[in-house]
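Chemist: Need coordinates for the following:
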Amino acid sequence: MKFLKKFFIFLILFYCYTITNKVNCLDGDGKPFRMIMLLSANVNDMGFNNMMNQGRIGVIKNLQIEDSRLIIVDGQNETTDLVEPILQNEDIDFVICTSQGHTAACKYFASKYLNHPTVKTQFLIRGSGATTANLIQFNYNFASCNYMSGYFAGLHTRTNKIGFLSPGAPKVNDAWVYAFWLGAKQVNPNIEFYYYNVGAFLNPDASERATIDLLDRGCDVIGNTLDDFSSGITIMSKGYRTIGTNGFPQKLIYGEKILYSYAYNWTKLFLPITKNVKAGYTNNTQWYGDFDLDENKNFFSIDYSYGVSTDTLNKMNQQITFLKSTSRFTHPYYCNNLMPEYTKINNFNLSTAPNVNNSICIDHSTFLKINSPFPGMTYLGLYNISLNEVKFTQSVQNGFSILSGILIGITMLMIVGIIKYSKTPSMRSASPIFLNFILVGGIIVYIGIIVWVGPMSTSSCNARLWLVTLGFSTLIGSLVVKNFRIWLIFDNPELKSIKITNYQLFPWVGACLVINIILMAILTSVGDLKQIDAMNIDSLGKYEYMKVCKMNHSGASTLYTILAYFAALLLVGVFVSWKIRIVDIQEFNESGAIANTLYAISFCLFVIVPLMISPQDKQSETIILCTTGLFITTAALSIIFIPKFWRVFRKGANESEINYSKKKQSNVATARAESGSKGSNGGGGNSSGGGHKTNRRGNMTSGDFTDDSESSVGDNENGKEKVKDDVANVTSGAVLAEFTDDASDIDNNELNEIELSEQPNTTNNLENN
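Modeler: Residues are numbered from 1 along each chain as shown. As a prediction, the model looks like this:
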């Protein structure tokens, strides 16, 4: 029986406990109570938002609320967009709008859903205005805690220099800065005071750097009205102790490094308000947090380090007791002898409230308007973090510029050499004027590379593209046109005499340049190519920037068209080079050199395009582009001009005949030889085949450009071999004339063939050779 009695008693007690807890979790209508708190930043800021969340936790613990949420949002539009769907779709009882950034949106909600049939939500906002059935306003005396923080700073400073950081207008006026300064001034009239605005309640980068600046000015105590503790952490990193003035009990984390700190107890404020909301109370009033003699209502708690002197502690306690025991409207930050002059200068009104000294006091609304500094306050302005420009590495820039300058000098010496040796067959056969065109194109490219690595500006962004593209157009265009002329002269199956002068080729080179100019003009006009200060690219820091060139989509499309034009020009050049591979006269067979040049350019572009498509930082991109430009240009000029100058050096400036190289005869050359041989046997008047014919391109049909031929046909000492040599020189001169503007007698001759009478043993002698 005793066991049964104990068991029934346990059941009754358990039932009562369960029912009681369940009732505590319900609102007046018997449904679960739902609460939302809006924060402006994350709770780990170790400041305002963290303490607000601590107040929420205290409330849900005391009232055993199961459905309580945190929403991080700031600004009217964002708050409206995020919160209103929740209000409409969920049965929310209470929303605590903690930040001034939430005030406008929450006032809008309260007005819209006042007396709404389904949305019964009540809103708690920061402010001191009118309340309604679903709008409650709360505030706390931020002036008194800042006044006491300044009071401590004035007592503790050893340098008589103190500082302060605040968001500043338009976020909030500097009334709190004034309260801090006044507290220090009350206890230390000789204090020097410096302060910065940092633009936001949460701007750790600016607050850290501004703190360092204040330390450099000699400030040994620095306060702030910011949401985080970045300023205090910066001070401690420099080896100093600091104060906590953002409402979080910093001593719990940093211990004795915190000389002084005050903390908010939001639970004391939110708990009675939430109880009223749960109970369905709608006769709402304003709530206020401040120093209070009643510890249950005392909103602030203050901690000190062991390093604070007893005298400082006593003076602090006396001043706090004074604030607790007097009317808030008569506190020193409202009433002092500085107010008459300050209100006069700033067109403010003194207080008209009863029970205050109306000649030296202002009311709270006027206090909130204080923004300009009082005499004795040194305002350092809005702290702007200076951006650091990341420049192109100077050594690399100098390297490219010096190398390009050296190559320009070498190229100009080549131009002088071309002019000096222009009469030699090695130069005449290659058309000196086109050789100079090629060299000038190289010089333009080199200048473009110097501009490319030089100081960045909108002008240089445009100039470097103009120079590089025009340089390559001149260089590659001249190469292609030169090869095209060789193709027309040598690769015609009918062996017609063709003469193409330089003046006939100039328009083709000009056409290449005109196309380039038109495309670049389009890019310049519609591409919006300009220099900008780019941030958040490559590996730049948060406050670093780099000057880069940028164009719009139209400009990029035009640039791709220019690249496609160059690709087409290269393809034509490669095709023509392949077609004239049969030419066997060394001076005229530039196809090998030109083909090698075009192949090298194509290969470089084949390698460079994947590199440029892959992610690259701007400096690496510039290095790749400039290195490629230098290599392509230098390789092209070297392949073309070094052999020419080497032949001039080897044979001397008085070289007077064209070399006939010993090469394997091509199919076309063989066909021509066979054609010439048949013509000789059939219609030359000497059926035995004792005559050798030479066409006007210098292709001797029996003894030249074959495996059996030697340079200059041979060195026989007999007179008839001398005749052949003379004829070879004459016909070679004819070929040379076709590549220059210098006319010769043979060039104007209408004869298509020159017959050479030889002894029968001459042919056998050539064959044996």
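Chemist: What strand or helix carries residue 546?
Modeler: strand 544-550 (DSSP states H and E).
Chemist: In that strand, which residues are buried?
Modeler: Within strand 544-550, the residues scored as buried using 16 or more other CB atoms under 10 Å are 544, 545, 546, 547, 548, 549. In this view, the C-beta of every residue, glycine as well, is placed from N, C-alpha and C.
Chemist: Tell me how many other residues crowd the residue lying closest to residue 113 once chain neighbours are set aside.
Modeler: Counting by CB to CB, 6 or more residues apart in numbering, the nearest residue to residue 113 once its immediate chain neighbours are dropped is residue 119, at 4.2 Å. For residue 119, the neighbour count with other CB atoms under 10 Å is 17.
Chemist: my read: residue 119 touches residue 89, true?
Modeler: No - because the distance of 10.1 Å does not satisfy CB atoms under 8 Å, residue 119 is recorded as not touching residue 89.
Chemist: closest to residue 53 among the buried residues of strand 544-550?
Modeler: residue 544 (35.0 Å; CB to CB).
Chemist: Do I have it right that that closest one meets residue 387?
Modeler: Yes - the criterion here is CB under 8 Å, and residue 544 meets it with residue 387 at 6.8 Å.
Chemist: Now for the two: what residues contact both?
Modeler: residue 535 (CB atoms under 8 Å, 6 or more residues apart in numbering).
Chemist: tell me how far the ends of stretch 42-56 are from each other?
Modeler: 14 Å (CA to CA, to the nearest Å).
Chemist: Now do that stretch, average pLDDT.
Modeler: Throughout stretch 42-56, pLDDT has a mean value of 85.
Chemist: List the buried residues in that stretch.
Modeler: Going by neighbour count (16+ other CB under 10 Å), the buried part of stretch 42-56 is 43, 45-56.
Chemist: Tell me which two of those sit farthest apart.
Modeler: Every pair in the buried residues of stretch 42-56 was compared (CB to CB); the two farthest apart turn out to be 46 and 56, at 16.3 Å.
Chemist: residue closest to the middle of this structure?
Modeler: Most central in the chain under CA atoms, centre = their mean is residue 537, positioned 3.3 Å from the mean C-alpha point.
Chemist: ok so, going back, need the next SSE after the strand holding residue 546, C-terminal direction.
Modeler: Along the chain past strand 544-550, the next helix or strand (assigned with DSSP H and E) turns out to be helix 553-579.
Chemist: tell me the mean pLDDT over that following helix?
Modeler: On average, the pLDDT along helix 553-579 is 84.
Chemist: That helix: which residues count as buried?
Modeler: Of the residues in helix 553-579, those with enough neighbours to count as buried (16+ other CB under 10 Å) are 555, 558-559, 562, 565-566, 569-570, 572-574, 576-577, 579.
Chemist: do the same with stretch 510-520
Modeler: Using 16+ other CB under 10 Å as the burial criterion, the residues of stretch 510-520 that qualify are 512, 515, 516, 519, 520.
Chemist: can you put the residues you listed in JSON lines and add distance to residue 168 and pLDDT?
Modeler: Rendered in JSON lines, the data for the buried residues of stretch 510-520 read as follows (distance: CB to CB, whole Å; pLDDT from 0 to 100):
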{"residue": "512", "distance to residue 168": "61", "pLDDT": "88"}
{"residue": "515", "distance to residue 168": "58", "pLDDT": "93"}
{"residue": "516", "distance to residue 168": "55", "pLDDT": "92"}
{"residue": "519", "distance to residue 168": "52", "pLDDT": "93"}
{"residue": "520", "distance to residue 168": "49", "pLDDT": "93"}
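Chemist: ok, residue 533 to residue 387 distance?
Modeler: Residue 533 sits 8 Å away from residue 387, going by CB to CB, to the nearest Å.
Chemist: Comparing these two, which residue is more hemmed in?
Modeler: For residue 533 against residue 387, the residue with the higher neighbour count under other CB under 10 Å is residue 387, and the figures read 14 against 11.
Chemist: My guess is the more buried one contacts residue 542. True?
Modeler: No - using CB under 8 Å, residue 387 makes no contact with residue 542, being 9.5 Å away.
Chemist: so what sits against both of the two?
Modeler: By CB under 8 Å, 6+ apart, residue 387 and residue 542 have no common neighbours.
Chemist: So residue 287, which state does it fall into?
Modeler: Assigned with DSSP: H, G, I helix; E, B strand; the rest coil, residue 287 falls in the strand class.
Chemist: Can you name the residues bridging to it?
Modeler: Beta-bridge pairing of residue 287, defined through DSSP bridges, involves residue 138.
Chemist: Enumerate every residue touching it.
Modeler: By CB under 8 Å, 6+ apart, the contact list for residue 287 reads 136, 137, 138, 139, 269, 272, 273.
Chemist: how about the strands in the stretch 401-550 of the chain?
Modeler: For the stretch 401-550 of the chain, the strands defined by DSSP state E, counting those that start in this stretch occupy 530-534, 544-550.
Chemist: can you tell me which of the ones you listed comes nearest to residue 149?
Modeler: Proximity to residue 149, assessed across the strands of the stretch 401-550 of the chain by CB to CB, is greatest for strand 544-550 (35.3 Å).
Chemist: Can you tell me the strand partners of that closest one and which way each runs?
Modeler: Using DSSP bridges, the strands paired with strand 544-550 are strand 388-389 (parallel), strand 530-534 (antiparallel).
Chemist: Would you format those as TSV with distance to residue 345 and mean pLDDT included?
Modeler: Written out in TSV, the entries for the strands paired with strand 544-550 read as follows (distance: least, CB to CB, whole Å; pLDDT from 0 to 100):
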stretch	distance to residue 345	mean pLDDT
strand 388-389	40	84
strand 530-534	40	89
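Chemist: and among the ones you listed, the most buried is which?
Modeler: With neighbours defined as mean count of other CB atoms under 10 Å, the strands paired with strand 544-550 peak in mean count at strand 530-534, which reaches a mean of 15.
Chemist: now stretch 123-136, how far from the centre of its chain.
Modeler: How far stretch 123-136 lies from its chain's middle: 46 Å, per CA atoms, centre = their mean, to the nearest Å.
Chemist: actually stretch 502-514, sorry about that
Modeler: Between the centre of stretch 502-514 and the centre of its chain there are 41 Å (CA atoms, centre = their mean).
Chemist: Over to stretch 49-68?
Modeler: Centroid separation for stretch 49-68 versus its chain: 44 Å, with CA atoms, centre = their mean.
Chemist: going forward can the numbers begin at 11, since that is how I track them
Modeler: Noted, 11 is the first residue going forward, which turns the last one into stretch 59-78.
Chemist: and the closest residue to residue 491 other than its chain neighbours, how many neighbours?
Modeler: The shortest distance from residue 491 to any non-neighbouring residue, by CB to CB, 6+ apart, is to residue 518 (4.8 Å). When neighbours are defined as other CB under 10 Å, residue 518 has 14 of them.
Chemist: mind listing what residue 518 touches?
Modeler: Each residue near residue 518 by CB under 8 Å, 6+ apart is listed here: 487, 491, 494.
Chemist: Roughly how far does it sit from residue 224?
Modeler: Using CB to CB, residue 518 is found at 71 Å from residue 224.
Chemist: Thank you, goodbye.
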